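> Have a look at this prediction, sequence included:
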Amino acid sequence: MGCFKAQPYLEKIAPYSSVNYGFSFLTKLPDPDQVGCGSGKPAGPCPAWDGENVYLAKASMQGSIAVSSATTIEEASPSIVAIAEVVRMARMHPAGPKRAKITLGGWSDYARLDNAANGAKAAKLMAKLVAYTFADGVDIDMEHLTPYATMGDEFGAFISFVTTLRSEFTSVAANWVSTAKARQTAMAAAIGKLEPWQQKEVAAFYNTSHNYLNEVIANGPPHLEISWTTRFNAFLPPNDVWNYLLPDSPKPNVTFETDNEGQKLWPQVGGYIDTVNIMAYDAGSSAGPLKLNFTTILDNFAKYGKVHDISKKVNMGFEPGEQSGAGVWEGEATDEAVAHAIASGKSPAGGVAIWAVNPGSTQHPQASKLCPAAAKAMSSILAPPFPFGNVPNYTKCGADGMWPGLTNEIIV
């Protein structure tokens, strides 16, 4: 929500082939300090989603509603404007176009879909958010499914969300060009109501947006992607739930409640999901930080999850620096060894994912330095191609994120 500086964004996403904007929420009160559902801290309330809005911040904040049933392309929310800029600059990146999706969920999203009807409602709103921002799809990061399932039909809701979203994307693609033209018309009408001096102040943004939307129209709809972000224990052998641990790793006496969570989802929706991002981090336990065998994790997804085309659609996820849940980073050498194994074909995977593009230097001082370095190293090792089809043609923006060589006069 709101504005941000273009140059740091462009610099940080340079090594990536695809970025996810996070997070959009179902909760009215995102809380990164909450752990679990209950009445005593650090647990907190886990209400069912209101079925009305997708948020980008606390509901009490002005402009927090990203999209609702009342949202139109003519009256875009501040969230839509902000995300659309993230997408635009990814496409117009000086190093060449990158894909950009919108993430729904995240660790602080303590609102439950609760039922299949809500899953379908949320999918329709996210499809609208994709349509109005011209994003490349949706990343699903619903991290509390198993505990929520004790309070409602959370897995049925997830399945409904994915199937409905895939269907809605057909309409989004069919209306891609008309939506872009409608956005141009709406922006021109809004700018036309301004005084000449006001028009000069917004000319760079308006002209950039107008020219970019011409290229959105010319390129046509991209493949609208659905990605699923899940944990390293989503698929496990029935008789050895700790098989993904290295020999010198501690082994807890109690298993994770999310073990084999993927088995409750993948058979029904695997055919609709394009990409899987494995969160192979935040692996703390009662016995101490776990040491993960990344090769075995990938093998579990292929063998027990029956995730087909794993060499194309699965990304191994790393988190350099500080980790949540008392997890400890395994180090640069290990991560790069995994990347080399993926690049050589020894470990079947499509690539790697890194959390996060922009860790804060105050909250995560080590990650703020290590993540950019890791992204650069991974890009060099993997040389990732443009995902999903031919590379689209977009004009490269300047360091300020704007269309190069514009004047301060409004182009009509």
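Nice, thanks for sending it over.
> So Leu113 sits against Ala123, correct?
No: using CB atoms under 8 Å, Leu113 makes no contact with Ala123, being 9.8 Å away. For every residue, glycine as well, the C-beta is placed using N, CA and C.
> I'd like the distance from stretch 149-164 to the chain centre, please.
19 Å (CA atoms, centre = their mean, to the nearest Å).
> before we move on, what about stretch 40-53?
Worked out by CA atoms, centre = their mean, stretch 40-53 lies 21 Å from the chain centre.
> Give me the distance between the two termini of it.
Start-to-end span of stretch 40-53 (CA to CA, to the nearest Å) is 27 Å.
> In terms of neighbours, single out the busier of Leu113 and Ala123.
The neighbour comparison of Leu113 against Ala123 (other CB atoms under 10 Å) goes to Leu113, with 29 against 26.
> Check Pro237 and give its pLDDT.
For Pro237, the model assigns a pLDDT of 98.
> any residues in contact with both of Leu113 and Ala123?
By the contact definition CB atoms under 8 Å, 6 or more residues apart in numbering, Leu113 and Ala123 are jointly contacted by Phe161.
> Going along the chain, name the helices of the stretch 101-250 of the chain.
Assigned by DSSP state H, counting those that start in this stretch, the helices in the stretch 101-250 of the chain fall at 116-133, 145-148, 154-174, 176-192, 196-219.
> Tabulate those helices (a markdown table), appending mean pLDDT and distance to Gly44.
Shown next, in a markdown table, are those (pLDDT from 0 to 100; distance: least, CB to CB, whole Å):
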| stretch | mean pLDDT | distance to Gly44 |
| --- | --- | --- |
| helix 116-133 | 98 | 20 |
| helix 145-148 | 97 | 12 |
| helix 154-174 | 98 | 17 |
| helix 176-192 | 97 | 38 |
| helix 196-219 | 96 | 39 |
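> Just put these in CSV and tack on distance to Ser324.
Listed next are those as CSV, based on distance: least, CB to CB, whole Å:
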stretch, distance to Ser324
helix 116-133, 25
helix 145-148, 16
helix 154-174, 22
helix 176-192, 38
helix 196-219, 37
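> nearest to Pro8, of the ones you listed?
Ranking those by their distance to Pro8 (criterion: CB to CB) puts helix 196-219 first, at 18.0 Å.
> which other helices and strands contact that closest one?
Under the contact criterion of 3 or more CB pairs under 8 Å, 6 or more residues apart in numbering; DSSP states H and E, helix 196-219 touches helix 78-91, helix 176-192.
> ok and the first one relative to helix 176-192, angle-wise?
Interaxial angle, helix 78-91 versus helix 176-192 (axes from the mean of the first three to the mean of the last three CA atoms, to 10 degrees): 120 degrees.
> what packs against helix 78-91?
With contacts defined as 3+ CB pairs under 8 Å, 6+ apart, the packing partners of helix 78-91 are helix 6-12, strand 18-24, strand 65-68, strand 99-105, helix 116-133, helix 196-219.
> Much appreciated, bye for now.
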